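K.L.:
Next comes the sequence, and after it the predicted model I'd like to discuss.
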4 protein chains.
Amino acid sequence: MTLAGIIAALTTPMDDAGELRLDRLQANLERYNASPLAGYLVLGSSGEAIYLDRAEKLSVLAAAARHADQHKRLLAGTGEESLKATLEMTARAADLGYHAAVVRTPHYYKKAMSPRALLGYYRELADQSPIPVMLYNIPPLTGVDLGLETVAELAAHPNICGLKESSGNLDKLVRLAAARPGFPVLVGGASTVYPSLCAGAAGAILALAAAAPEACCEIERAFRAGDHPRALAAQRAVLAAAQAFEPLSIPGLKAAVDACGFYGGPPRRPLLPVSAAERLRLDEAFHSLRRACSGGRAAGAPAPAPTDSPA
Amino acid sequence: MTLAGIIAALTTPMDDAGELRLDRLQANLERYNASPLAGYLVLGSSGEAIYLDRAEKLSVLAAAARHADQHKRLLAGTGEESLKATLEMTARAADLGYHAAVVRTPHYYKKAMSPRALLGYYRELADQSPIPVMLYNIPPLTGVDLGLETVAELAAHPNICGLKESSGNLDKLVRLAAARPGFPVLVGGASTVYPSLCAGAAGAILALAAAAPEACCEIERAFRAGDHPRALAAQRAVLAAAQAFEPLSIPGLKAAVDACGFYGGPPRRPLLPVSAAERLRLDEAFHSLRRACSGGRAAGAPAPAPTDSPA
Amino acid sequence: MTLAGIIAALTTPMDDAGELRLDRLQANLERYNASPLAGYLVLGSSGEAIYLDRAEKLSVLAAAARHADQHKRLLAGTGEESLKATLEMTARAADLGYHAAVVRTPHYYKKAMSPRALLGYYRELADQSPIPVMLYNIPPLTGVDLGLETVAELAAHPNICGLKESSGNLDKLVRLAAARPGFPVLVGGASTVYPSLCAGAAGAILALAAAAPEACCEIERAFRAGDHPRALAAQRAVLAAAQAFEPLSIPGLKAAVDACGFYGGPPRRPLLPVSAAERLRLDEAFHSLRRACSGGRAAGAPAPAPTDSPA
Amino acid sequence: MTLAGIIAALTTPMDDAGELRLDRLQANLERYNASPLAGYLVLGSSGEAIYLDRAEKLSVLAAAARHADQHKRLLAGTGEESLKATLEMTARAADLGYHAAVVRTPHYYKKAMSPRALLGYYRELADQSPIPVMLYNIPPLTGVDLGLETVAELAAHPNICGLKESSGNLDKLVRLAAARPGFPVLVGGASTVYPSLCAGAAGAILALAAAAPEACCEIERAFRAGDHPRALAAQRAVLAAAQAFEPLSIPGLKAAVDACGFYGGPPRRPLLPVSAAERLRLDEAFHSLRRACSGGRAAGAPAPAPTDSPA
């Protein structure tokens, strides 16, 4: 399985009481299916997986698999802190038809997460997993960095299919692309998709693509077509929107998803929803982004607001 | 409920396959019960709670409650990432007879863990919890710092009974003791128990006390008796042992527990057991500590090694 | 030479044009001479040495040496980035009668400041210096940490007389006091003087002592007298004042020095003076501190304001 | 004055006693003059300016100005900690014919380096400087970050001509290029020149270009020609060499300069020269780089080793 292109890291729809809204997930997916997205990551960091119990996780995975278009890549976030729990979740994702498992570094006991411990973890996981495993490095959330040497060693495993790199470290990306040509790296930050593609990234897995899939895909499309000026212009437009939501974490992402006519909805506690003022700024930022993307073309009517969207 | 003294943060005994060994937990507790420890923290960071599923957590909590001496304070680590899960675990701990719940800061989405979000989280938890809630701040593991102002506000809540502070920040301790006299702060680092007591700490919750309870208690006993030179000498002895295990994280702690004649056993994956050389150094360090503690007194025969101790 | 007690890290008086005011330095010293301070550090971090050219540094060192009481310890901050420049400044300080040189870690090329490089630097300096050398570790300003092992090795050099430790790391202090008994460690943070003395520090070198010498000395006096409750009370009073000025860096310190009736004056650019509101808060904090210190005793009339104090 | 292209951040030749070797600087410049480099930065971080006294700095600036080809841009590193000293050095550089001054953020008192203080510093400097001022942000060495908003405000000043950005933050680069189109940003890291150019950088100021000017220029040449694959290949070759020297700081850079047939020579203390093993690895890495650059073309004989190169 080769991984490339723009993959949306989906949010998990909930209502004001924090209960899952799988009907909303279905509605979102029906619209995502019509976009040029290459695939979906379900239960990544954007999906609040850390707040869901096991039954909830499985129901989200099942619902997403059911409603995703068969031409989209389906990735499941299955990383837990223990190897045992990660193995179990990965096996379930495989049963549900996921193409690959995206597994973040375990990280609670940071000092113990030596290269040797991480090598052992991912190797045993890859040995036993029925589906390919994608490494997932996100130091801003985990405080653990999966180093270049460790990735390069793991890249040789036949059941490890790529790396999601959310450190923002372009340097590492260039080095890895040189050291392991052909091993796909998908970056995790919407702000630097274009320079990352230049530096050798195969694609990107983006939270922002759950709000603005077309805009994100436009960066990659222009890059693949060799149209660098257009790729850079698309990147700049995306970046302005990324600036607006990233400081607000998941609550900001969900509000951005709302702003683009999908169902974002409220986050689960301890997360607090964005303020009215923040929501207004997000609306403006994402409205500008869609305008920038549509360019001279007919812009496509903005999606109608959902009838019971959260306050 | 007032909290003070030295409380041991217990390890969770497992076998080589990673399965719980509750019989070993019972045996450990029978010996801890005879020590001057003020109480136990079950399922704290030292207890690998993050690697246990819910059923395992409940069985460990139940076993510890069953075998703990009734004069010891019983604290349960019940912090999960979501408010909902933390509330559920806290209610179960109350049912099992725990005196208080020790709740670490949620932390996965670090940027979203604003003072406002943390205040909201702990207040709602304290409102609903049947037992008192102890705040737990451990930035080296969580990357989140529960600030002085937030703690001072929460200290006014009638169902918040103290703070476990594992930042090593003495400054904050002095400030808090001045700002909220009577609000108990228990520190989490064995290296600075004595200066922390001087600075106003009510006690300490220590992983090292699961290996060397007497040595840890001696610091506090001497301090309470006004014997500062002896307290400092005891602190120095403890610190040398702390130096030996702390860089090795949970695997080192479990080996130290073994070294002191309790059952430590292997950690759960992705953690790897310490090497033979590391185990030897830990044996020496903790042997020295026990010799230092026994001083001129008859040292008490070292506990016999468990018959099926891990390799 | 043994180092102990409370040493004030002096500010360097300047006028609004940024020119030195050595007459003001003299006036300050005449009042400091009457205090229980053990000595002075001239041209430490508090002295804006980094903003002075060589001629200015020498004139400040000379003026301070001339007006300091002969019973006070005289320490000169002589650390520059290159070994050569540090050697030159240290020789000049020796000529001027300073008892010791306080030498911060060189730090611009952080990756190159290995233990080996720092050992080599301090050893060659100590070999050649006509006066004893005091190590000075201040990671918050330098981004370099002089580690425990390096200090322990350097402590064996006959011309290295102590360590000024401004990391706030109590742990290191306890370890060092155990590893090198008798090697004096003076801490650099006013917030934790008392617990540091408990942990084995020989004294403290404090910027705050340039504003409130009596209050700082009271902590140590009570500690030496075995009066722990009074030492802790004095520490708490000092801490409240430290909280007020520390976030404001040198400009706040100079305003605090003003607030206590000495001449603080404006800082040199790029530093900006504190705002009127900040100055008011500092006045209040230091007024409270003096009131707390005077306790039941006659408080000693506050010093008259200097006639041409800075706006 | 517009800034663009690849500018070499020169090293400062010294002998084993740490004395300046201006003759070696001249010889190096004669060879650099024949390269496609756009210009030189004299006394940047690569030039050990922090270890030179004022007379030495002026003699280095004068010598470099004398021997630089008149078609090369001449930039002087004139940043000192105080505004006054920076103004003086900048005026001297202007007298010597430098086209612009590159001024790093002052940084010793980190907490005081607020946006307001930095704005004030650079504005007053730019107001008074006879030559254009280039901002210089290098957080890994200074611990201070000149933020996007501050740069964007300063970019409006008519005598501020650009930014040298050595944070490695591509995100900031894209944002700045969007916010201030036409304001030149030159990056400071050899590992990411190509993606930085894609993201809108005008060029780069590189220590590595003092060792391997052709290889660095090749990245930019290919990029300007729209030959992205060749630009990426050149970037990869450069990155492998950058990996070899960067962990070794200035001593590694000087050894790399030696390895390429220029005069690098020893660093000044407290810096220690690289070990023989490190030197060997650098020789290999830079030999590979030159081989990669020459590609199918005649490689140009490697420069003869200097007759009295340092051991």
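P.N.:
Good, I have the coordinates.
K.L.:
surely residue A:185 meets residue A:163?
P.N.:
Yes: under the criterion of Cβ atoms under 8 Å, residue A:185 makes contact with residue A:163 at 4.9 Å. Backbone N, C-alpha and C define where each C-beta goes, glycine included.
K.L.:
can you give me the helices in the stretch 51-200 of chain A?
P.N.:
A:54-67, A:83-95, A:115-128, A:139-142, A:148-154, A:170-179, A:193-198 (DSSP state H, counting those that start in this stretch).
K.L.:
Which residue does the stretch 51-200 of chain A have closest to chain D?
P.N.:
residue A:195 (3.8 Å; Cβ to the nearest Cβ).
K.L.:
in the worst-scoring helix or strand of chain A on mean pLDDT, what counts as buried?
P.N.:
Least confident element among the helices and strands of chain A, by mean pLDDT, DSSP states H and E: helix A:170-179 (a mean of 88). Neighbour counts over helix A:170-179 (16 or more other Cβ atoms under 10 Å in any protein chain shown) mark A:170-178 as buried.
K.L.:
got TSV for these, with distance to residue C:271 too?
P.N.:
What follows is the buried residues of helix A:170-179, written out as TSV (distance: Cβ to Cβ, whole Å):
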residue	distance to residue C:271
A:170	35
A:171	35
A:172	38
A:173	40
A:174	40
A:175	41
A:176	44
A:177	45
A:178	45
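K.L.:
low-confidence ranges in chain A?
P.N.:
Low-confidence segments of chain A (pLDDT under 70): A:1, A:295-311.
K.L.:
Could you list the contact residues of it toward chain B?
P.N.:
When proximity is defined as Cβ under 8 Å from any Cβ of the partner chain, chain A approaches chain B at A:18, A:45, A:50-53, A:81-85, A:106, A:108-114, A:116-118, A:120-121, A:124, A:140-141, A:143, A:247-251, A:268-272.
K.L.:
Buried ones among those?
P.N.:
For those, buried by 16+ other Cβ under 10 Å: A:18, A:45, A:50-52, A:81-85, A:106, A:108-110, A:112-113, A:117-118, A:120-121, A:141, A:143, A:248-251, A:268-272.
K.L.:
Would you pull up the residue in the stretch 201-311 of chain A closest to chain C?
P.N.:
residue A:247 (22.8 Å).
K.L.:
With adjacent residues omitted, what lies nearest to that residue?
P.N.:
residue B:111 (6.5 Å; Cβ to Cβ, 6 or more residues apart in numbering or on different chains).
K.L.:
Go ahead and confirm that neighbour touches residue A:249.
P.N.:
Yes: with contact defined as Cβ under 8 Å, residue B:111 counts as touching residue A:249 (4.6 Å).
K.L.:
all helices of the stretch 201-311 of chain A, in order?
P.N.:
Going by DSSP H, counting those that start in this stretch, the stretch 201-311 of chain A shows helices at A:213-224, A:228-245, A:249-259, A:276-294.
K.L.:
Burial-wise, tell me which of these comes out on top.
P.N.:
By mean neighbour count, with neighbours taken as mean count of other Cβ atoms under 10 Å in any protein chain shown, helix A:249-259 ranks first of the helices of the stretch 201-311 of chain A at a mean of 26.
K.L.:
orientation of it relative to helix A:228-245 in degrees?
P.N.:
Put simply, helix A:249-259 runs at 120 degrees to helix A:228-245, going by axes from the mean of the first three to the mean of the last three Cα atoms, to 10 degrees.
K.L.:
helices or strands next to helix A:249-259 in the packing?
P.N.:
Applying 3 or more Cβ pairs under 8 Å, 6 or more residues apart in numbering or on different chains; DSSP states H and E, one finds that helix A:249-259 contacts helix A:228-245, helix A:276-294.
K.L.:
what angle do the strand or helix carrying residue A:27 and helix A:54-67 make?
P.N.:
Per DSSP states H and E, residue A:27 falls inside helix A:22-33. Angle of helix A:22-33 versus helix A:54-67, following the same axes, to 10 degrees, is 40 degrees.
K.L.:
Tell me the buried residues in helix A:22-33?
P.N.:
Buried-residue list, helix A:22-33, by 16+ other Cβ under 10 Å: A:22, A:24-29, A:32.
K.L.:
Tabulate those (TSV), appending distance to residue C:4.
P.N.:
Shown next, in TSV, are the buried residues of helix A:22-33 (distance: Cβ to Cβ, whole Å):
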residue	distance to residue C:4
A:22	70
A:24	69
A:25	69
A:26	74
A:27	74
A:28	69
A:29	72
A:32	70
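K.L.:
Farthest-apart pair in the residues you listed, please.
P.N.:
Pairwise distances across the buried residues of helix A:22-33 (Cβ to Cβ) peak at 14.8 Å, for the pair A:22 and A:32.
K.L.:
Roughly how far does residue A:250 sit from residue C:115?
P.N.:
43 Å (Cβ to Cβ, to the nearest Å).
K.L.:
now swap in residue A:128 and tell me
P.N.:
Using Cβ to Cβ, which is the criterion applied here, residue A:128 is 43 Å from residue C:115.
K.L.:
do residue A:283 as well
P.N.:
From residue A:283 to residue C:115 the distance is 55 Å (Cβ to Cβ).
K.L.:
for residue A:36, same thing?
P.N.:
54 Å.
K.L.:
try residue A:26
P.N.:
Counting by Cβ to Cβ, the gap from residue A:26 to residue C:115 is 60 Å.
K.L.:
for residue A:192, same thing?
P.N.:
36 Å.
K.L.:
Equivalent analysis for residue A:278, please.
P.N.:
Relative to residue C:115, and taking Cβ to Cβ, residue A:278 is found at 48 Å.
K.L.:
Spell out which residues of chain A are next to chain D.
P.N.:
Counting by Cβ under 8 Å from any Cβ, chain A sits next to chain D at A:168-171, A:174-175, A:177-178, A:189, A:191-192, A:194-196, A:198-200, A:226, A:228, A:232, A:235-236, A:239-240, A:243.
K.L.:
before we move on, back to that, now what about the helix or strand just after the helix holding residue A:27, what contacts it?
P.N.:
Sequence-wise, the next helix or strand downstream of helix A:22-33 (DSSP H and E) is strand A:39-42. With Cβ atoms under 8 Å, 6 or more residues apart in numbering or on different chains as the test, strand A:39-42 has contacts from A:5, A:7-10, A:29, A:32, A:47, A:60-61, A:64-65, A:68, A:72-77, A:98-99, A:102, A:205.
K.L.:
Give me the number of neighbouring residues for residue A:89.
P.N.:
Neighbour count for residue A:89, taken as other Cβ atoms under 10 Å in any protein chain shown: 23.
K.L.:
mind listing what it touches?
P.N.:
Neighbours of residue A:89 in contact, by Cβ under 8 Å, 6+ apart: A:54, A:57, A:76, A:78-80, A:101.
K.L.:
Next, count neighbours for residue A:58.
P.N.:
17.
K.L.:
if I read this right, it contacts residue A:92, doesn't it?
P.N.:
Yes: counting by Cβ under 8 Å, residue A:58 does reach residue A:92; the two are 6.0 Å apart.
K.L.:
could you dump the helices and strands packed on helix A:249-259 to JSON lines with distance to residue B:222?
P.N.:
Output for the helices and strands packed on helix A:249-259, formatted as JSON lines (distance: least, Cβ to Cβ, whole Å):
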{"stretch": "helix A:228-245", "distance to residue B:222": "55"}
{"stretch": "helix A:276-294", "distance to residue B:222": "54"}
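K.L.:
Reformat these as a markdown table; add distance to chain C.
P.N.:
As requested, these are exported to a markdown table (distance: least, Cβ to the nearest Cβ, whole Å):
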| stretch | distance to chain C |
| --- | --- |
| helix A:228-245 | 28 |
| helix A:276-294 | 26 |
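K.L.:
Next up, the contacts around residue A:266.
P.N.:
Contacts of residue A:266 by Cβ under 8 Å, 6+ apart are A:14-16, A:18, A:251, A:254, A:273, A:310.
K.L.:
in the sheet, who's paired with residue A:160?
P.N.:
Beta-bridge partners of residue A:160, counted by DSSP bridges, are residue A:133.
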